[in-house]
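# the following comprises the amino acid sequence and a computationally predicted model.
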Amino acid sequence: MGFFNRSSKGKNETLDKGLEKTKVNFFSKITRAVAGKSKVDDDVLDELEEILVTSDVGVDTTLKIIDRIEARVAIDKYLNASELNGILREEITLLLTESRSSDVSEFSVPSENKPHVIMVVGVNGVGKTTTIGKLAHQFKQNGLSVYLGAADTFRAAAVEQLDIWGKRVGVPVIKQKMGSDPASVAYDAVNSAKAHNADVVIIDTAGRLHNKVNLMNELTKIKNVMGRIVPDSPHEVLLILDGSTGQNAFEQAKQFTAATEVTGLVITKLDGTAKGGVVIGISDQFKIPVKYIGLGEGIDDLQVFRRKEFVDSLFGE
């Protein structure tokens with residue numbers, strides 16, 4: 001079997017296709033780096049470090065990976081360049097495990113919370129509202145009743161877009177007029193979901209506020225009013241990040257994790273970029289599990305993140 005040969009048996013074709021640009025970019029560079037080399041030496045490690053950084057894995061995570069590989073090379077003197085693929089694969093899988101990214105079998109929510117309240121945050125343009133629509137679709141496909149709350153009242157297009165998704169998916173959208181208090185919309189949405197015994201309510205929030213203090217205050221206010229109706233809600237705070245933005249996604253994650261307690265990540269637009277390494281770096285640096293990944297424009301192209309399948313596809317298993 002060649003260095004990066006793949007088998008189609010049992011593979012997730014959408015995931016394979018979505019990560020194709022990242023894989024081709026990443027591994028073509030690695031193949032060139034180890035060409036003609038008989039062992040993993042300093043030159044190979046230096047080239048690998050550059051490849052990881054330029055693939056948007058991030059500097060800190062890259063150095064962690066390089067240190068671990070150096071330690072293994074020091075112990076296992078027989079390791080050669082052709083084994084670098086397996087070593088790298090193992091270390092990336094380990095990093096995803098350490099960041100609490102867990103394998104989930106399907107789109108589901110805990111049965112003890114009804115409604116299960118999900119607050120979605122992220123800057124404009126990352127695919128936030130679209131992700132909410134796709135998430136609602138997947139939950140509904142699994143037999144769950146879903147309500148949506150259009151609490152991004154600062155942008156008329158956001159309310160309109162969420163309303164369109166609600167009609168497309170066939171779920172109620174609770175909204176108010178442009179400029180309304182976002183917390184008031186969130187209150188109405190959770191209240192309606194509870195009154196109708198819904199399983200899930202997903203709250204959209206503003207993607208752009210003037211500064212971090214405003215963002216923190218707004219999100220805190222939304223969380224507080226929802227907690228009056230359903231104790232301990234929101235049960236999840238999902239941060240949507242555009243995978244194609246590379247290092248900008250790191251900065252967004254830094255800002256939003258400082259403003260609110262993010263419990264899970266959704267990385268979108270991975271199909272259109274060679275920067276899929278951002279999934280590895282962000283999950284490692286922020287120790288927040290990646291829950292879902294976006295791999296296309298289709299309504300079914302939002303997938304549960306399964307670290308084994310992700311690594312298998314990335315490495316051409």
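In hand now; what should we look at? Numbering: from 1, shown residues only.

# helix, strand, or coil at Ile293?
With DSSP: H, G, I helix; E, B strand; the rest coil as the basis, Ile293 sits in strand.

# hmm, Leu265 and it touching each other?
No - Ile293 lies out of contact with Leu265 (C-beta atoms under 8 Å); the separation is 9.1 Å. Heads up, the C-betas are built off the backbone N, CA and C, glycines and all.

# measure Lys114 to Lys39 for me?
58 Å (C-beta to C-beta, to the nearest Å).

# look at Val123 and report its pLDDT.
At Val123, the pLDDT value in this model is 88.

# count of neighbours near it?
A count of nearby residues for Val123, using other C-beta atoms under 10 Å, gives 22.

# please apply the same query to Asp76.
Number of residues near Asp76 (other C-beta under 10 Å) recorded here: 12.

# now do Asp43
For Asp43, using other C-beta under 10 Å, the count is 12.

# confirm that it sits in a helix.
Yes - using three-state DSSP, the assignment for Asp43 is a helix.

# next one: it from Gly36, what distance?
Counting by C-beta to C-beta, the gap from Asp43 to Gly36 is 11 Å.

# can you check Asn124 too?
Using C-beta to C-beta, Asn124 is found at 48 Å from Gly36.

# likewise Ala157?
Distance, Ala157 to Gly36, using C-beta to C-beta: 54 Å.

# of these two, who's got more company?
The neighbour count for Ala157 versus Gly36, taken as other C-beta under 10 Å, is higher for Ala157 (10 against 6).

# that one belongs to a strand?
No - the assignment for Ala157, made by three-state DSSP, is helix rather than a strand.

# can you give me the helices in the protein?
Per DSSP state H, the chain carries helices over the ranges 13-18, 20-34, 42-54, 59-75, 84-98, 128-141, 156-169, 182-195, 212-229, 247-259, 278-286, 307-314.

# so which of these is the most packed in?
helix 278-286 (a mean of 25; mean count of other C-beta atoms under 10 Å).

# now it against helix 20-34, angle please.
80 degrees (axes from the mean of the first three to the mean of the last three C-alpha atoms, to 10 degrees).

# kindly format the C-alpha coordinates of helix 278-286 as CSV.
C-alpha atoms of helix 278-286 as CSV (Å, rounded to 0.1, in the frame of the first residue of the first chain):
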residue,chain,number,x,y,z
VAL,A,278,-8.0,24.5,11.9
VAL,A,279,-10.3,21.9,13.4
ILE,A,280,-7.3,20.3,15.1
GLY,A,281,-5.8,23.5,16.3
ILE,A,282,-8.9,25.1,17.7
SER,A,283,-10.1,22.0,19.5
ASP,A,284,-6.7,21.6,21.0
GLN,A,285,-6.1,25.2,22.1
PHE,A,286,-9.5,25.9,23.5
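
# who are the packing partners of it?
Packing partners of helix 278-286 (3 or more C-beta pairs under 8 Å, 6 or more residues apart in numbering; DSSP states H and E): helix 59-75, helix 84-98, helix 247-259, strand 264-268, strand 290-294.

# go again with 6 Å.
On a contact count with 3 or more C-beta pairs under 6 Å, 6 or more residues apart in numbering; DSSP states H and E, helix 278-286 meets helix 59-75, helix 247-259.

# so which of these comes closest to Glu236?
helix 247-259 (13.8 Å; C-beta to C-beta).

# what's in contact with that closest one?
Here helix 247-259 makes contact (C-beta atoms under 6 Å, 6 or more residues apart in numbering) with 121, 123, 212, 215-216, 219, 239, 241, 262, 278, 282, 286.

# also stretch 121-128?
Applying C-beta under 6 Å, 6+ apart, the external contacts of stretch 121-128 come out as 205, 207-208, 239-240, 242, 252, 256, 268.

# filter these down to the buried ones, ChimeraX style.
Buried residues among the contacts of stretch 121-128 (16 or more other C-beta atoms under 10 Å), as a ChimeraX selection:
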select :205,207,239,240,242,252,256,268
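
# need the contacts of stretch 121-128 in CSV with distance to Leu88, can you?
Shown next, in CSV, are these (distance: C-beta to C-beta, whole Å):
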residue, distance to Leu88
Thr205, 37
Gly207, 35
Arg208, 37
Leu239, 27
Ile240, 28
Asp242, 25
Gln252, 27
Phe256, 30
Thr268, 25
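
# nothing else from me, thank you.
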